[in-house]
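Participant: With the input below, show me the fold.
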Amino acid sequence: MKRSAVLALVGTGVLVLTAGCGSTTSAAETTWATVNGHTITQQDVQTRVNLIKVLSPQSTSQLKQRTTWVNETQELVSEYIVQQEAAKAKFTLTATQQSTAKSQLMSYLTSTYGSKTALNAAIKKDKTSTAALDSFAVEATLLQSYLQKVVKVPTVTSSAVTKFYNTNMSQFQQPEEYDLAHILVKTQSQAESILKQLQAGASFSALAKQYSTDTASAKNGGDLGYAPLSNYVTPFADAAKKLTQVGQISGVVHSQFGYHIIKLLGIKKPTTQPLSAVSSQIQSYLQQQNQQTAQQAYINKLRTKTKVKVTVPKTVPAS
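Facilitator: Numbering: from 1, shown residues only. As a prediction, the model looks like this:
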């Protein structure tokens, strides 16, 4: 799991830590790291891994790798160091800020999982709890807020934006788009019957409105609007790509949705978005990169003044 900084953005307005919160320990637990005498145990890291499974389910497979557990232990160390700095500065969150942090994270996760029920099932499956997520959200917001206060972040210049645009212009290309209409029916025989009517001169729009089971496009005469072919399932996209002249109609095309007849209404050639259209997007991206770099440099400086020992074993728990 790539960790470019201690903090990562996880949903709109919610900044959460990629590592743990410095849990309390017991003598029976295996020590994986010490920070100025503070102990970080295997259980601390396991607790954080369980949270990551819920926060970032797509990364679960990477949790089997020892390097991931080492990285998470290192992140726990960095987080604890920043916690101590925040405590020395008596930096805290208000009750309102804490409540907002909790609700934002829960709202993000509920949206990610599709429902509160699905989220609760994931929380149970991954052996964590709503309380742990709430604590995580508050601590993450506190540390992010503290870092934003104490770390000076360089401002992104217009020349940096222009340089990024020129270097990464391929990222701002709009792909070729097709304006397609289709008639979708359930059986091949019905599709072939409609195709014969079209070949005899019948109106594609009228037949789409009359027969197509894709009701959303049927009311528009089957028109799907402009979109790249990558938006469509393979059989449909392959058939559409063979249409080269506006007004051309395909044969019967079978997909998992049924039987289609496709008409080409127009093609937009690939274009590159101008700098003026994407400059604010680039500036936001570069500013975030500057913030992460500056915060990591600040944390690295703190670590040089801290006695740290990391001893993750060669064999880590299966996850």
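Participant: Kindly provide the distance from the spatially closest residue to P154 that is not a sequence neighbour to R48.
Facilitator: Closest residue to P154 apart from its sequence neighbours, by C-beta to C-beta, 6 or more residues apart in numbering: N290 at 5.2 Å. Quick note: C-beta positions are derived from backbone N, CA and C, even for glycine. In this view, N290 and R48 are 27 Å apart by C-beta to C-beta, to the nearest Å.
Participant: Between the two, which has more neighbouring residues?
Facilitator: Each of N290 and R48 has its neighbours counted (other C-beta atoms under 10 Å); R48 has more, 27 against 15.
Participant: The more buried one reaches L76, doesn't it?
Facilitator: Yes - here R48 reaches L76: they are 6.7 Å apart, a contact under C-beta atoms under 8 Å.
Participant: can you give me the helices in the stretch 201-319 of the chain?
Facilitator: Counting by DSSP state H, counting those that start in this stretch, one finds helices in the stretch 201-319 of the chain at the ranges 204-211, 215-218, 234-241, 275-304.
Participant: packing partners for the third one?
Facilitator: With contacts defined as 3 or more C-beta pairs under 8 Å, 6 or more residues apart in numbering; DSSP states H and E, helix 234-241 has these neighbours: strand 177-185, strand 249-255, strand 258-268.
Participant: CA atoms only: put the second one into PDB for me.
Facilitator: In this case it means strand 249-255. Provided in PDB are the C-alpha atoms of strand 249-255 (Å, rounded to 0.1, in the frame of the first residue of the first chain):
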ATOM      1  CA  ILE A 249     -27.100   1.400 -39.100                       C
ATOM      2  CA  SER A 250     -25.600  -1.800 -37.700                       C
ATOM      3  CA  GLY A 251     -26.900  -5.300 -38.000                       C
ATOM      4  CA  VAL A 252     -28.400  -7.000 -34.900                       C
ATOM      5  CA  VAL A 253     -25.900  -6.900 -32.000                       C
ATOM      6  CA  HIS A 254     -26.300  -9.300 -29.000                       C
ATOM      7  CA  SER A 255     -25.100  -8.300 -25.500                       C
END
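Participant: Residue numbering should commence at 43 henceforth.
Facilitator: Got it, first residue is 43 now, which makes that one strand 291-297.
Participant: So which bits of that strand are buried?
Facilitator: 291-292, 294-295 (16 or more other C-beta atoms under 10 Å).
Participant: got the angle between that strand and helix 276-283?
Facilitator: Between strand 291-297 and helix 276-283, the angle comes out at 170 degrees (axes from the mean of the first three to the mean of the last three C-alpha atoms, to 10 degrees).
Participant: How far does strand 291-297 sit from its chain's centre?
Facilitator: Taking C-alpha atoms, centre = their mean, to the nearest Å, the mean C-alpha location of strand 291-297 is offset from the chain mean by 35 Å.
Participant: Next, the angle strand 300-310 makes with it.
Facilitator: Using the same axes, to 10 degrees: strand 291-297 against strand 300-310 is 130 degrees.
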